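Peer 1: 3D, please:
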Amino acid sequence: EIYIQEAVLHSTFDSVNVVRFFNAWIERVPRNFAETLGILHRDDTMDNISAETLESFHETPFTESASSDACYTVLFIQTEWFERGTLADHFVRRKGFTRLENLKHLLQISEGLQYLHSQCVVHCDLKPRNIFMSDSGIMKIGDFGLSRKNRKRPHKLRGDAEGFASNSEAGDEGHAIAAFTPLYCSPEQKRGDAATTASDIYSLGLIALEFYCVFTTQHERFCTLGEARQGVFPKEFADTYPVERALFQKMLSEDESCRPLMKDIVKALRQGIKEEEEEEVMDGLIMRSKTLSPIDEYGSSNPASPLEKFKEKGKLTRVAPKFTRLSLSSLESTEFTQNT
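Peer 2: Got it, this is the predicted structure:
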């Protein structure tokens, strides 16, 4: 029933930054075939190393029928295909990053999460392996196995869909609390409290920091994210990106009421993108100005200037009147005269 709820919930989403749902069906699958395909476990990554988590996955991944020898009832969910894999794969492949690229990707994820929260849905397990990358480089949130929708929308919200619990029914609470990813989950989830939208924002803060770090080992990654959970950021990151450091620090507040709202996070990211793009335009204009100028920055003749090739011995004064509009080649054959 839990997995059917996941399919039903996923089928209602309609956002460019949320994985698109196509179809779902149930099949009886022999155990040996399921083991061969590796579909008996939800997630076997190191991020999920937790006794409670692993035990819960082994106990109830699928329902086994007593009337059938070693068969599982499996729910298949068909979604859009991602050749480029997940955000975790992107982190492993990349050799470096740019601030503008990071901000754009974070904005895509944030807008996807903002959409989910507007639908009164809490993801509950946001992490790089649950974020997918399209062929065009668009980030999309997926894997809603632990997500919960609050069917009773509160009358008053703090600027967005903030403040509602993730469990629509009391009976779901045990499942939502038992299974999460320890490295990315919020402090309140670790304490056993029900996840809220603020819990997703905490997880997003850790993912955001990971965008600005290139790890060489898994140990380095675990240590850096673990220290960030305690409010300690890498010195190079804090010195180079003070604006992001301030934002991420708020997102990783121990007190969930101190974390920013999704609308404020989206606004901050858009502002950062705007400033970065304006700076790139200005840098481009400066470089173009230096290239076109006949004098370089040291006061000498600039060999890159397009006027330089027309200067031989004297000063360039005017263009000869032999000009026709027959073709572009006429420009190349324009004669230049010099003072005698």
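
Peer 1: where does residue 239 land in three-state SS?
Peer 2: The three-state label given to residue 239 by DSSP: H, G, I helix; E, B strand; the rest coil is helix.

Peer 1: who are the contact partners of it?
Peer 2: Residues counted as contacts of residue 239 (C-beta atoms under 8 Å, 6 or more residues apart in numbering): none. Where C-beta positions appear, they are placed from N, C-alpha and C, glycine not excepted.

Peer 1: what helices and strands are in contact with the helix or strand hosting residue 268?
Peer 2: Residue 268 is located in helix 262-292, with elements delineated by DSSP states H and E. When contacts are defined as 3 or more C-beta pairs under 8 Å, 6 or more residues apart in numbering; DSSP states H and E, helix 262-292 packs onto helix 99-118, helix 197-211, helix 242-251.

Peer 1: tell me the most buried of those helices?
Peer 2: Across the helices and strands packed on helix 262-292, averaging neighbours per residue (mean count of other C-beta atoms under 10 Å) puts helix 197-211 on top, at a mean of 24.

Peer 1: C-terminal to it, what's the next element?
Peer 2: Counting by DSSP H and E, what follows helix 197-211 is helix 218-229.

Peer 1: what's that following helix in contact with?
Peer 2: With C-beta under 8 Å, 6+ apart, helix 218-229 has contacts from 46, 183-184, 187, 205-206, 209-210, 213, 215, 233-234, 248, 252.

Peer 1: next: stretch 267-274.
Peer 2: 99-100, 103-104, 106-107, 110, 243-244, 247, 260.

Peer 1: could you check how far residue 226 is from residue 278?
Peer 2: In this view, residue 226 and residue 278 are 36 Å apart by C-beta to C-beta, to the nearest Å.

Peer 1: where does the prediction get shaky in this protein?
Peer 2: The chain contains residues with pLDDT under 70 at 1-3, 39-69, 151-180, 287-340.

Peer 1: the same query, at a cut-off of 90, please.
Peer 2: Of all residues in the chain, those with pLDDT under 90 make up the ranges 1-14, 21-79, 144-181, 279-340.

Peer 1: give me the domain ranges for it.
Peer 2: 2-275, 310-338 (automatic domain parsing).

Peer 1: and stretch 102-118, C-alpha only, in PDB?
Peer 2: This file holds the C-alpha atoms of stretch 102-118, laid out as PDB (Å, rounded to 0.1, in the frame of the first residue of the first chain):
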ATOM      1  CA  ASN A 102      25.900  26.200  -9.300                       C
ATOM      2  CA  LEU A 103      23.300  28.900  -8.700                       C
ATOM      3  CA  LYS A 104      21.300  27.900 -11.800                       C
ATOM      4  CA  HIS A 105      21.200  24.200 -10.700                       C
ATOM      5  CA  LEU A 106      20.300  25.200  -7.200                       C
ATOM      6  CA  LEU A 107      17.500  27.400  -8.400                       C
ATOM      7  CA  GLN A 108      16.100  24.500 -10.500                       C
ATOM      8  CA  ILE A 109      16.100  22.200  -7.400                       C
ATOM      9  CA  SER A 110      14.600  24.900  -5.200                       C
ATOM     10  CA  GLU A 111      11.800  25.700  -7.700                       C
ATOM     11  CA  GLY A 112      11.000  22.000  -7.800                       C
ATOM     12  CA  LEU A 113      10.900  21.800  -4.000                       C
ATOM     13  CA  GLN A 114       8.900  25.000  -3.800                       C
ATOM     14  CA  TYR A 115       6.300  23.400  -6.200                       C
ATOM     15  CA  LEU A 116       6.100  20.300  -4.000                       C
ATOM     16  CA  HIS A 117       5.600  22.400  -0.900                       C
ATOM     17  CA  SER A 118       2.900  24.400  -2.700                       C
END
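
Peer 1: against residue 255, how distant is residue 190?
Peer 2: On the measure of C-beta to C-beta, residue 190 and residue 255 end up 14 Å apart.

Peer 1: so for those two, which sits in the more crowded spot?
Peer 2: residue 190 (13 against 9; other C-beta atoms under 10 Å).

Peer 1: which non-adjacent residue is nearest that one?
Peer 2: Once flanking residues are discounted, residue 190 sits nearest to residue 182: 7.2 Å by C-beta to C-beta, 6 or more residues apart in numbering.

Peer 1: and that neighbour, how far is that from residue 108?
Peer 2: Taking C-beta to C-beta, one finds residue 182 at 26 Å from residue 108.

Peer 1: please apply the same query to residue 38.
Peer 2: 29 Å.

Peer 1: with residue 80 instead?
Peer 2: Taken as C-beta to C-beta, the span from residue 80 to residue 108 is 15 Å.
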